[in-house]
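> Quick one: sequence plus predicted model below, questions after.
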Amino acid sequence: MNTRRPYIVGLTGGIGSGKSAAADGFAAHGITVVDTDVIAHALTSPDGAAIPTIRRLFGEHMIAADGSMDRARMRALVFSAPESRRQLEAILHPMIQALSAQLCADASSPYVILAVPLLIESGRYRERCDRICVVDCPEALQIERVGRRSGLSASQVQAIMQAQATRAERLAAADDVIDNSGSLDDLRKQVGILNEGYISQALLARQA
Ligand SMILES: CC(C)(COP(=O)(O)OP(=O)(O)OC[C@H]1O[C@@H](n2cnc3c(N)ncnc32)[C@H](O)[C@@H]1O)[C@@H](O)C(=O)NCCC(=O)NCCS
Ligand SMILES: Nc1ncnc2c1ncn2[C@@H]1O[C@H](COP(=O)(O)OP(=O)(O)OP(=O)(O)O)[C@@H](O)[C@H]1O
């Protein structure tokens, strides 16, 4: 295990803004990506550590035939009932926080990308980040891209956006902004430039 605290760049953005695409871009430069969405999926997979508590608190009907959390059913519930969303978050967020901290500590790349959709909202991660990088695009593009990827309707995506910080709040918290209103190639170019900067900043931080 690494004893030195890694330099951490928090990567965030609204639903469908392009966080995963940006994270893939950093990973292509050899940078370790710790993605809280990936951790949340693992915790709610058939053998996931959160399944027994979800079964107990939400009931058997929230567990799919394969033993995983029924994601579509849970999505429909939590984005129409804030109390249920907070209940699910109370189960998952402490586990996600602990696992993501461990994965960051174990990383050996020049810096770590910590991808967290709720970075601005939760307050759990901000103090762990040396910089905050926001992936941004107009809301209409978020809706269009999520619709194309996941088949969700505009109103379903808007319900999720209601549970997130606004675009203006995220931009106000950003040290760096990736403008993802263009092509995936434009996105990769911006990631390449930021990567150079983050490597230098991480080196400087280590020498300080
Ligand atoms: C509600 C769930 C079941 C929907 O599953 P689904 O497969 O449709 O979405 P997925 O997990 O891939 O998340 C996609 C996006 O939804 C948004 N989102 C997810 N959870 C939340 C939340 N609690 N509040 C606001 N937005 C959220 C984020 O933009 C995320 O990137 C799932 O997102 C979930 O378990 N959420 C609770 C865990 C959580 O807060 N995850 C965010 C990482 S910290
Ligand atoms: N610049 C782009 N041009 C075209 N499609 C894009 C672009 N960026 C991302 N996409 C596509 O839009 C969808 C959403 O992008 P991505 O999954 O990276 O967003 P995300 O912020 O991780 O989403 P979520 O919040 O749902 O996890 C994906 O299908 C992705 O391939």
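All right, it came through fine. Ligands and ions are numbered 1, 2, ... in the order given.
> Tell me which stretches of the chain form strands.
8-12, 32-35, 112-115, 131-136, 176-179 (DSSP state E).
> So which of those strands is the most surrounded?
strand 112-115 (a mean of 28; mean count of other CB atoms under 10 Å). No exception for glycine: its C-beta is placed from N, CA and C like everyone else's.
> Who are the contact partners of L184?
L184 sits next to A21 when contact means CB atoms under 8 Å, 6 or more residues apart in numbering.
> let's go with 10 Å and repeat that
With contacts defined as CB atoms under 10 Å, 6 or more residues apart in numbering, the neighbours of L184 are G18, A21, A22, D24, G25.
> Identify whichever of the strands of the chain lies nearest to ligand 2.
strand 131-136 (6.3 Å; CB to the nearest ligand atom).
> Can you spell out the domain ranges of this protein, please?
What automatic domain parsing lists as the domains of the chain is 1-31+111-208, 44-108.
> Nearest approach to ligand 2 belongs to which of the ones you listed?
Distances from ligand 2 to each of those were compared using CB to the nearest ligand atom; the shortest belongs to domain 1-31+111-208, at 3.4 Å.
> Check whether the closest one comes near ligand 2.
Yes: among the residues of domain 1-31+111-208, 13, 15-21, 117, 145-146, 149, 180, 183-184, 187 lie within reach of ligand 2 under CB under 6 Å from any ligand atom.
> now those: which count as buried?
Among these, those buried by neighbour count (16 or more other CB atoms under 10 Å) are 13, 15-21, 117, 145-146, 180, 187.
> which one among these gets closest to P52?
P117 (24.7 Å; CB to CB).
> ok, back up a step: can you sort out which of the residues of domain 1-31+111-208 next to ligand 2 also neighbour ligand 1?
Under the cut-off given by CB under 6 Å from any ligand atom, ligand 1 has I15, P117 from the residues of domain 1-31+111-208 next to ligand 2 close to it.
> Which of the residues of domain 1-31+111-208 next to ligand 2 fall in helices?
Judged by DSSP state H, helices contain the following of the residues of domain 1-31+111-208 next to ligand 2: K19, S20, A21, R145, V146, R149, L184, L187.
> residues in this structure within reach of ligand 1, list them.
15, 36-37, 40, 44, 71, 74-75, 78, 85, 88-89, 92, 96, 116-118, 160, 163-164.
> go with 8 Å
When proximity is defined as CB under 8 Å from any ligand atom, the chain approaches ligand 1 at 13-16, 19-20, 36-37, 39-41, 44, 69, 71-72, 74-75, 78-79, 85, 88-89, 92-93, 96, 116-118, 121-122, 150, 152, 160, 163-164.
> Going by neighbour count, which of these are buried?
If we count by 16+ other CB under 10 Å, these have these buried: 13-16, 19-20, 36, 39-40, 44, 69, 74, 78-79, 88-89, 92-93, 96, 116-118, 121-122, 152, 160, 164.
> returning to what we had before: make TSV out of the domains of the chain and add mean pLDDT.
Shown next, in TSV, are the domains of the chain (pLDDT from 0 to 100):
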stretch	mean pLDDT
domain 1-31+111-208	95
domain 44-108	97
